[in-house]
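Engineer: pasting the sequence and the predicted model now:
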Amino acid sequence: FRASPDPPRIASWFYCFSRPNVSIRQYLQCIARTLKIQPTVFLHALIYINRVVRMTRGKIPFCILTMHRLCLTATLVAAKYVDDNHYSNVSFAKVGGTTLTEINEAEIEFLFAIKFNLGVSEGEIQRCNQF
């Protein structure tokens, strides 16, 4: 699962105007540490991101301009699905460097992009574990 080069911009909250100053690794480590995210949540988030890219047929690609916001939103959605004791949208917004309104809108856009399909099959988990 590789990030594509910078694609043409499309109207979506997931696109940043410029490349983020923090690496995706540092960003995810901060989210994991601050919000106490379990590995299972990140596994679900990865599967959800793959679904977004597939189901939008590249209109929301995984690239340097979208990866941070896609990861933040996917982790939020996955935490709500997997973990009964997850942090609030306010907390995700603060840690992710966005506003509550923006994260709420992103969550809605994300859920519609994957058609609210949050279930993850054993086969999908096995494929992710191969990496």
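Structural biologist: On my side now, so go ahead.
Engineer: test my guess that Ala79 contacts Tyr87.
Structural biologist: Yes: between Ala79 and Tyr87 there is a contact at 7.1 Å, judged by CB atoms under 8 Å. Every C-beta, even on glycine, is put in place using the N, C-alpha and C of the backbone.
Engineer: which neighbours do the two share?
Structural biologist: By CB atoms under 8 Å, 6 or more residues apart in numbering, Ala79 and Tyr87 have these common neighbours: Leu35.
Engineer: these two: which has the busier surroundings?
Structural biologist: Taking other CB atoms under 10 Å, Ala79 and Tyr87 do not tie; Ala79 has more neighbours (24 against 18).
Engineer: quick check on the more buried one: phi, psi?
Structural biologist: Main-chain torsions, Ala79, degrees, to the nearest 10: phi -60, psi -40.
Engineer: could you shift the numbering so residue one becomes 4, and keep it that way?
Structural biologist: Sure, I'll start counting at 4 from here, so that last one is Ala82.
Engineer: and it, how far from Ser91?
Structural biologist: Distance of Ala82 to Ser91, given as CB to CB, to the nearest Å: 10 Å.
Engineer: next one: Gln41
Structural biologist: Taken as CB to CB, the span from Gln41 to Ser91 is 17 Å.
Engineer: equivalent analysis for Phe119, please.
Structural biologist: 20 Å.
Engineer: look at the two and report which has more neighbours.
Structural biologist: Neighbours were counted for Phe119 and for Ser91 using other CB under 10 Å; Ser91 has more, 13 against 10.
Engineer: what's the pLDDT at the more buried one?
Structural biologist: The score at Ser91 is 94. That number is its pLDDT.
Engineer: likewise for the one 4 residues further on?
Structural biologist: With respect to pLDDT, Phe95 scores 95.
Engineer: for the closest residue to it other than its chain neighbours, what are its contacts?
Structural biologist: Distances taken as CB to CB, 6 or more residues apart in numbering place Leu79 nearest to Phe95, at 4.7 Å, with adjacent residues excluded. Leu79 makes contact with 92, 95, 106, 110, according to CB under 8 Å, 6+ apart.
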